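> Mind folding the following:
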Amino acid sequence: MLGFVYALIAYGLWGVFPLYFAILDTVSPAEIVAHRIIWSFVFLIVVIGIGRGWRRLGSVLKNRRTLGILVLAAIAITVNWTTYVYSVSTDQVVDASLGYFINPLVSVALSVVILKESLRRWQWGAVGIAAGGVVVIAIGAAALPAIGLILAFSFGSYGLLKKMAGVDAISGLTVETMVLFPVAAVVLAVAEVQGSAAFVVDGVGITILLLLLGPITAIPLLAYVGGANRLPLSTLGIMQYATPTILLILGITYFAETVTGLEWIGFALIWAALALFSVDALRHRRRPNRADALEIGQIA
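Numbering: from 1, shown residues only. Below you'll find the predicted structure:
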């Protein structure tokens, strides 16, 4: 029961992130991401200090291969975070939900290309149906769903790289934010010089919200780890769809975005693909392959 609660907290918080970013609508996406990197790093260092995880972090930093993979992961998550914040600031939350709906299937496709995994017949069917759904959505919107695709492939790549690195979530994200820290500092310095920085200038409320970007990034991650340690992989695989479902509901209600008839058909095809994929994963849960495992991941 506790594992279920942890997972629900993680996926629920990831789902309502747009509401938090919407409050920061006066801050540029680049500055939000920069603050998220810096304060996440600071918060994670505190967490590691409390948990006495310095030795584990040190072993990660000493491994050149692992460090190289985490640098690539840092780039992937930066693209993901920036696109996500941009989707909220431009009222394209429905497109963001599309990205996280198709992310599990993109992860599987990447495992075939990169890890040379073989897919079962139902998995191939699910990927094909989802691809058809994306095409239908593109036709309905009269444009390629760029935000959804960037989110799906950036996060799919991130998940794949984290699997390849094989490090714990806290140490991994700490290294990633440490690598990105100098870049984030430069972004904030440039904003300060140009007079566009929101930190302090936009008031105490905005400053506090920017400072809290560290905890709100790390807390769902910690909850996810708690859930992942207590729940079967198949259960997490089903529960992860709570996040894009919340995003879709928020996009239609709170952000008042419109969805065309063809787009609904496209979403229906993607949901059918996810149902097919999930049923197949449940049928083979006693004999999971790496492609099954890649469907699970945190939305950092």
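> use CA for all of it now, contacts and neighbours both
Fine.
> got the residue ranges for the helices in this protein?
All helices of the chain, identified by DSSP state H, fall at 2-23, 29-51, 54-62, 64-89, 93-114, 121-141, 146-165, 169-194, 204-211, 213-228, 233-239, 242-252, 261-283, 290-293.
> could these be laid out in TSV, adding mean pLDDT and mean neighbour count?
Listed next are those as TSV, based on pLDDT from 0 to 100; neighbours: other C-alpha atoms under 10 Å:
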stretch	mean pLDDT	mean neighbour count
helix 2-23	89	19
helix 29-51	93	20
helix 54-62	90	14
helix 64-89	94	20
helix 93-114	85	24
helix 121-141	86	19
helix 146-165	89	23
helix 169-194	92	18
helix 204-211	91	16
helix 213-228	85	21
helix 233-239	69	19
helix 242-252	92	21
helix 261-283	86	19
helix 290-293	50	22
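> got the contact list for stretch 97-112?
When contacts are defined by C-alpha atoms under 8 Å, 6 or more residues apart in numbering, stretch 97-112 is touched by residues 117-119, 126-127, 130, 147-153, 155-157, 159-160, 241, 243-245, 247-248, 267, 270-271, 274, 290-292, 294-296.
> list the contacts for the closest residue to Ala130 other than its chain neighbours?
Spatial nearest neighbour of Ala130, excluding adjacent residues (C-alpha to C-alpha, 6 or more residues apart in numbering): Ile270 at 4.6 Å. Residues in contact with Ile270 (C-alpha under 8 Å, 6+ apart) are Phe101, Ile102, Ile129, Ala130, Ala131, Gly133, Val134.
> Would you quantify the distance from the fourth one to Phe277?
Spatial separation of Ala130 from Phe277 under the definition C-alpha to C-alpha, to the nearest Å is 10 Å.
> What of the second one?
Ile102 is 11 Å from Phe277, where distance means C-alpha to C-alpha.
> Over to the third one?
In this view, Ile129 and Phe277 are 10 Å apart by C-alpha to C-alpha.
> For Cys73, give me its contacts.
To be clear, residue 73 is Ala; Cys isn't right here. So, once contact is read as C-alpha under 8 Å, 6+ apart, Ala73 ends up touching Ser157, Tyr158, Leu161, Lys162, Glu176.
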